[in-house]
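> Make a model of this:
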Amino acid sequence: MESLARALIIGGIVLFLIGGGVYLAARFGIPLGRLPGDIRIEGENGSFYFPITSSILVSIILTVLFNIISRFLQK
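Next up, the predicted model:
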């Protein structure tokens, strides 16, 4: 039960940090979700939105960040 509690706490901290990052990105005018290449189709009865460029950019940033952190933790 202790490991479940630890995992939930870590998950909460991660969600808090992601939310803070999204909030700061909006405050500083970083256009995540509105980059060129993000797909947006709007019709009369509904809309479809897929932020492919934003997803790729966030993926690259997180990959670099996690690689840097893992290299520091291995030493």
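> Pop out the phi and psi values for the residue lying farthest from the centre of the chain.
Centroid-distance maximum for the chain: Glu44 at 30.2 Å, with C-alpha atoms, centre = their mean. The phi/psi pair for Glu44 (degrees, to the nearest 10) reads phi -70, psi -40.
> Quick one, grab the pLDDT at it.
With respect to pLDDT, Glu44 has a value of 92.
> Can you give me the domain assignment for the protein?
1-30, 32-75 (automatic domain parsing).
> just for the chain, where's the confidence low?
75 (pLDDT under 70).
> Look up phi and psi at Glu42.
Dihedral angles (degrees, to the nearest 10) for Glu42: phi -120, psi 130.
> Identify the bridge partners of it.
Ser47 (DSSP bridges).
> Now do the biggest helix by length in the chain: distance to the chain's middle.
When the chain is parsed with DSSP state H, its longest helix is helix 2-27. Remark: helix 2-27 is offset 11 Å from the chain centroid, using C-alpha atoms, centre = their mean, to the nearest Å.
> Is it correct that Tyr49 falls within a strand?
Yes. Under DSSP: H, G, I helix; E, B strand; the rest coil, Tyr49 sits within a strand.
> wait, what's in contact with it?
Under the criterion of C-beta atoms under 8 Å, 6 or more residues apart in numbering, the neighbours of Tyr49 are Asp38, Ile39, Arg40, Ile41. C-beta: built from backbone N, CA, C; applies to glycine.
> any idea what sits nearest the third one, other than its immediate chain neighbours?
Read that as Arg40. In space, and not counting its chain neighbours, Arg40 is closest to Tyr49: 5.0 Å by C-beta to C-beta, 6 or more residues apart in numbering.
> go on, the first one?
Using C-beta to C-beta, 6+ apart and skipping residues adjacent in sequence, the residue nearest Asp38 is Pro51, 4.5 Å away.
> Phi and psi next, for that neighbour.
phi -80, psi 70.
> what about it, how many neighbours?
By other C-beta atoms under 10 Å, 17 other residues sit near Pro51.
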